[in-house]
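Colleague: Would you be able to build a 3D model of this:
(2 chains)
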Amino acid sequence: MEWHKPRGRILIVEDEEQVRKPIRLNLTKAGYQVLEVSNGAEAIMVLEGDPDAAMIDTILCDIRMPRASGLEAITYFRKHYPSVPVVVLTGYPDVELAASLMKQGVLDYLTKPVTREELLAVIERCVDQHGLFPNASIA
Amino acid sequence: METPLFTMRYEIPSHYWERQHREKGCKQAEQALWRAYHETEKILASLPSSILIVNREHQIIYANAVASHHFGFANSPLVGHSLFEVLPIPADQWNQLTIDVPSSGSPTGHPLHDGEFETQKRVYQYRLFPVALYGADEAQTGLVISDITEQKQLQDQLIQAEKLSSLGTLVSGMAHEINNPMYGILAMAEIILEETDPEKIKEYAHDIVEYSKHVAAVVRSFACYARPASGDQKMEIDLNERLIEALKMVARNPQFGNIEVVKDFAAVPPLWVRRSEIDQVFVNLISNAAQAMAGHGCLTLTTRVDTDRIAASVSDTGSGIPKANLTRIFDPFFTTKDPGVGTGLGLSIVYKIVSKYEGTVSVDSEEGKGTSFTVHFPVMKLGRKEAPDGMA
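Modeller: Below you'll find the predicted structure:
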């Protein structure tokens, strides 16, 4: 069996399996390695226990989740892993929230339902950016 | 048809006549008495409410003109008919209401009980009072009946307006609840388009079916909540189930945050009510609790049976209500929320709906510690499934 180096490592932070499953299928098929957690607290635990956490190429994060919400988790990501691009994928089309998250350094704000092309385009852009400047802090 | 007051036994004491005869003359006294009688009749006939007097055998012994106009028969006076032929009040309910009527009655007796009934698309409220007529061996029961159809319609409109206002905040939760499975449906359909393995196609198609059912269930629950209660029939409902459904609706809202939920449910008898009204009560109470906790705290939902009453409590560990506000929280338009956040109608609607089912609402609050709202419903009257639909 031929082994291909993954195009990048993506951390999915999403409580609903009905959302995680198609993202996992789409990203895996597109050549990405996928890590999955179901809430912000788990995401923080995974990152803290992963010595290569900073090598995660993109975090795709929901907002409304049980335990630590997406907003709390994003604040943590931006503080401890400022070079890792964060993309929000949420069910709430909220312009004010999107603007506020962008100010915190979130690279994109996608609202569900999003097409595969849109999702892959955003992920590819983030992974490319992280690949080019792996240690650069995203303002 | 108007019934003369004198169909009731009313005898003029003989010594009265003798005195009148002696002092002013028989004719003058008779005229005065007749004038008093006619004036009393006119007053009773001019009242905007219907008045009926009923004896212990449930037979009508007096009806004023308004009663005859609203409930009378074409060719027969109301007097002599059984009350149950005339008004849609169930006999067991009547017996329950009149059980406290003192056997001797009191001429200045206080009103005893209120009730409502619906007939010919009009809603009436009645109030019972004891009557002790001169010479009668036992007390009769009087009814004052008022047409409250317009009042009820206004009340229903107010309840609906408040519900639509709360829907505004619930709808963002609905967006989340629908957009998640919508994404699943869209993404799985895209994956199927490129998938060649029949087993996988079958699996993904099955996922789409499940996600679609989820969307349908969410839309159905919101549609049930949003529709006017006036179009809703009374039905048997489980308070525990309604608390869970109301919680689901409120918890979808992003402002619900990370509130911990504790459910302490007892097996409670069913209530015979309009489901959407009870949903509105719980949605309002749970929304308030969530707002008081600002995304962090513990929400406790409790049900229990206290002898002949069912109790449901919604408790939070939020900011609590200042003592000065406790007496005003059920007043319409009283709010401490920012403009545009609350209408100030939520708790007054809770009070109106619960009162409608002969229930009570109580509040226990301590500033800085939290608030607990408890609604009590009577078991016996509401658990009675055979109550006719017309009974409002």
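Colleague: Only C-alpha atoms from now on, for both contacts and neighbour counts.
Modeller: OK.
Colleague: Just the helices from chain A, written as ranges.
Modeller: Secondary structure of chain A by DSSP state H: the helices cover A:17-29, A:40-48, A:70-80, A:95-103, A:116-132.
Colleague: Quick one: those as JSON lines, columns for mean neighbour count, mean pLDDT and distance to B:T119 too.
Modeller: Shown next, in JSON lines, are the helices of chain A (neighbours: other Cα atoms under 10 Å in any protein chain shown; pLDDT from 0 to 100; distance: least, Cα to Cα, whole Å):
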{"stretch": "helix A:17-29", "mean neighbour count": "19", "mean pLDDT": "95", "distance to B:T119": "51"}
{"stretch": "helix A:40-48", "mean neighbour count": "18", "mean pLDDT": "89", "distance to B:T119": "58"}
{"stretch": "helix A:70-80", "mean neighbour count": "18", "mean pLDDT": "90", "distance to B:T119": "56"}
{"stretch": "helix A:95-103", "mean neighbour count": "14", "mean pLDDT": "87", "distance to B:T119": "52"}
{"stretch": "helix A:116-132", "mean neighbour count": "17", "mean pLDDT": "90", "distance to B:T119": "60"}
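Colleague: can you list the ones you listed in CSV and add distance to A:V87?
Modeller: Below are the helices of chain A laid out as CSV (distance: least, Cα to Cα, whole Å):
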stretch, distance to A:V87
helix A:17-29, 13
helix A:40-48, 14
helix A:70-80, 9
helix A:95-103, 10
helix A:116-132, 8
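Colleague: and of the ones you listed, who's closest to chain B?
Modeller: Of all the helices of chain A, helix A:17-29 sits nearest to chain B, with 5.4 Å by Cα to the nearest Cα.
Colleague: how far is the closest one from where the chain is centred?
Modeller: Centroid displacement of helix A:17-29 relative to its chain, using Cα atoms, centre = their mean, to the nearest Å, is 13 Å.
Colleague: Extract the C-alpha trace of it and format it as PDB.
Modeller: Extracted in PDB, the C-alpha atoms of helix A:17-29 (Å, rounded to 0.1, in the frame of the first residue of the first chain):
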ATOM      1  CA  GLU A  17     -21.100  13.500  15.000                       C
ATOM      2  CA  GLN A  18     -23.500  14.400  12.100                       C
ATOM      3  CA  VAL A  19     -21.100  17.300  11.400                       C
ATOM      4  CA  ARG A  20     -17.800  15.600  12.300                       C
ATOM      5  CA  LYS A  21     -18.400  12.600  10.100                       C
ATOM      6  CA  PRO A  22     -18.700  14.300   6.700                       C
ATOM      7  CA  ILE A  23     -15.900  16.700   7.600                       C
ATOM      8  CA  ARG A  24     -13.700  13.700   8.500                       C
ATOM      9  CA  LEU A  25     -14.600  11.900   5.300                       C
ATOM     10  CA  ASN A  26     -14.000  15.000   3.100                       C
ATOM     11  CA  LEU A  27     -10.800  16.000   4.700                       C
ATOM     12  CA  THR A  28      -9.400  12.500   4.800                       C
ATOM     13  CA  LYS A  29     -10.300  12.000   1.200                       C
END
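Colleague: what residues does it touch?
Modeller: With contacts defined as Cα atoms under 8 Å, 6 or more residues apart in numbering or on different chains, helix A:17-29 is touched by A:12, A:14, A:33-34, A:36, A:116, A:120, B:180-181, B:183-184, B:187-188, B:191, B:207, B:211.
Colleague: Alright, that wraps it up for me.
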